[in-house]
Every structure is written in structure tokens, then in C-alpha cells.
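[1] Predicted model and sequence follow; I will ask about them next.
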Amino acid sequence: AQSVTQPDIHITVSEGASLELRCNYSYGATPYLFWYVQSPGQGLQLLLKYFSGDTLVQGIKGFEAEFKRSQSSFNLRKPSVHWSDAAEYFCAVGAKAAGNKLTFGGGTRVLVKP
Amino acid sequence: GAVVSQHPSWVICKSGTSVKIECRSLDFQATTMFWYRQFPKQSLMLMATSNEGSKATYEQGVEKDKFLINHASLTLSTLTVTSAHPEDSSFYICSALTSAQVVGEQFFGPGTRLTVL
């Protein structure tokens, strides 16, 4: 069965500083990997996705993530955070072989200090 | 971009009553809709998957008689929580997938917070 772990429950970062959110997955083959952001009153928004190919993927809002097969990781990064980046972030894994089900990590809450 | 709406955004009901939550894809047709449940400070757990015109497929441990899902059209799915109890209080999120998307690319609704007294 596939699983996703986000080791950090919450992270506090200063505005303008860099951000890295960790995500580790467990799956037998190459999975589809996703990062979402959830803001209050809004639905989950897809930031970026990895299916295959280049292991460094660019997303919206200045985010990027790197797929590292050897570490079973898909960490999310942003060079300089803005106050509007304060939200809950979820990593997820999906695969056709898993019945097209999407499995989410526990989420990381990001707080941005002025 | 594509929009998925949920109605109501929040609801409070008495124990033993039934509550219906609507999920609509506003500007696209959704061949598949998913219902998730999110507990406070926790992740999303898939409850069921529904395809238009077909019976929903429920995840293990989800009571299909308690959580009735209807996907009557390509733009509407409903989740009815029957005989609700306080333990059913949660945040319910739907998402909608088009035929051109793979799972993970679906659009999510803003969620409905259910509180059962």
C-alpha cells in the first residue's frame, strides 16, 4: 500500500526567507506525486505534480519540488516566502496501479513571521 | 480556472437528523467525483469515489448506509449523512475530475464543516 509522510507538522519561517517542506513516500513503483496548498475557505490547490521525466518540477506561486528516487522523497521548496504563503501544505501520492487513489500526507502548517 | 463549489459551507444539526451536502462543478463536466473527510489538524481521508450514473465505491471502513452518495449528473454529486451523530462532525471535501485528467489533478471544493450536536 502507498503511504506519505510529512515529518514536520508545522514550520515557522520569516518573510523573505527560504522554505523547504519535506515529503517521503512509500510505493513499489514510480508514483505520481503532488503538492497542494490549503488556505482557509478555499479548496486545495495543486501547486505542482511529478509524473516522470525531469526530477525538478516547477509549480505555481514560485514553488518547486525535486523527486529523489533514492530517498523516496519529494520535497517542496520556495526561495523567498511571502506572508500569503502561510497555509497548510499537503503532499500526496497517486498511481494507476493503486486504483487511481490519492493518498495524502498529514500536512505541514506554515506560519510566516513578518 | 475550473471551480468546484460546495453547499452549504457549514452546517449545524441535531443528533439523529440527516444532512445533505452538495458538490458542483461549475464550469466543467466531472466524470468522477471524490468525497474526503478531514479531521482537525489531520489529513484528508478518501471516503468514496463516484462516477456519474454509477453507484459509489466506498473505502474500507466507510459505512455506505450512513454516507449516501449520489452522482446524478456530470456536474452534481451529493453526500447525505444519515442519522448524524457527534462523531460524524468533521470537514467534508469533494473533488471533481474530468475525463482528461489523472487522479491528483482534480479540482477541490472549499469544504463543508459539519457539526452534530
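    Great, that's in hand.
[2] Get me the contact residues on chain A for chain B.
    A:9, A:32, A:34, A:36, A:41-46, A:49, A:51, A:90, A:92, A:94, A:96, A:100-107, A:109 (C-beta under 8 Å from any C-beta of the partner chain). C-beta here means a position set from N, CA and C on the backbone, and glycine is covered the same way.
[3] ok, now which ones touch residue 114?
    Using chain A. By C-beta atoms under 8 Å, 6 or more residues apart in numbering or on different chains, the residues touching A:P114 are A:S14, A:E15, A:W83.
[4] Switch to chain B, please.
    Applying C-beta under 8 Å, 6+ apart, we find B:L114 in contact with B:W10, B:V11, B:C13, B:V19, B:I21, B:V81, B:A84, B:D88, B:S89, B:S90, B:F91, B:Y92.
[5] from the residues you listed, which would you call buried?
    Among the contacts of B:L114, those classed as buried by neighbour count (16 or more other C-beta atoms under 10 Å in any protein chain shown) are B:V11, B:C13, B:V19, B:I21, B:V81, B:A84, B:D88, B:S89, B:S90, B:F91, B:Y92.
[6] Which strand residues bridge the first one?
    To tie it back to what came earlier, the one meant is B:V11. With DSSP bridges as the criterion, B:V11 is bridged to B:L114.
[7] From chain A, how far out is it?
    Using C-beta to the nearest C-beta, to the nearest Å, one gets 15 Å for the distance from B:V11 to chain A.
[8] now the helices for chain A?
    For chain A, helices defined by DSSP state H do not occur.
[9] Pick out the residue in chain B sitting closest to chain A.
    The minimum distance from chain B to chain A, using C-beta to the nearest C-beta, falls at B:F108 (3.6 Å).
[10] What is the neighbour count of that residue?
    Using other C-beta atoms under 10 Å in any protein chain shown, B:F108 is surrounded by 22 other residues.
[11] Phi first, then psi, for it.
    In terms of degrees, to the nearest 10, the main-chain angles of B:F108 are phi -100, psi 140.
[12] Please flag which of the contacts of B:L114 sit within strands.
    B:W10, B:V11, B:C13, B:V19, B:I21, B:V81, B:S90, B:F91, B:Y92 (DSSP state E).
[13] Isn't the first one up against B:Y92?
    The reference is to B:W10. No. Between B:W10 and B:Y92 there is no contact under C-beta atoms under 8 Å: 10.5 Å.
[14] what residues are shared contacts of these two?
    Counting by C-beta under 8 Å, 6+ apart, the contacts common to B:W10 and B:Y92 are B:T112, B:R113, B:L114.
[15] so how far is A:Q71 from the last one?
    The span separating B:L114 from A:Q71 equals 39 Å under the rule C-beta to C-beta, to the nearest Å.
[16] hmm, back to that, could you provide the buried ones among the contacts of B:L114 in TSV, with additional columns for distance to B:M33 and pLDDT?
    As requested, these are exported to TSV (distance: C-beta to C-beta, whole Å; pLDDT from 0 to 100):
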residue	distance to B:M33	pLDDT
B:V11	19	97
B:C13	23	96
B:V19	18	97
B:I21	12	97
B:V81	16	97
B:A84	21	96
B:D88	20	96
B:S89	22	95
B:S90	18	95
B:F91	17	95
B:Y92	12	97
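[17] Much appreciated, bye for now.
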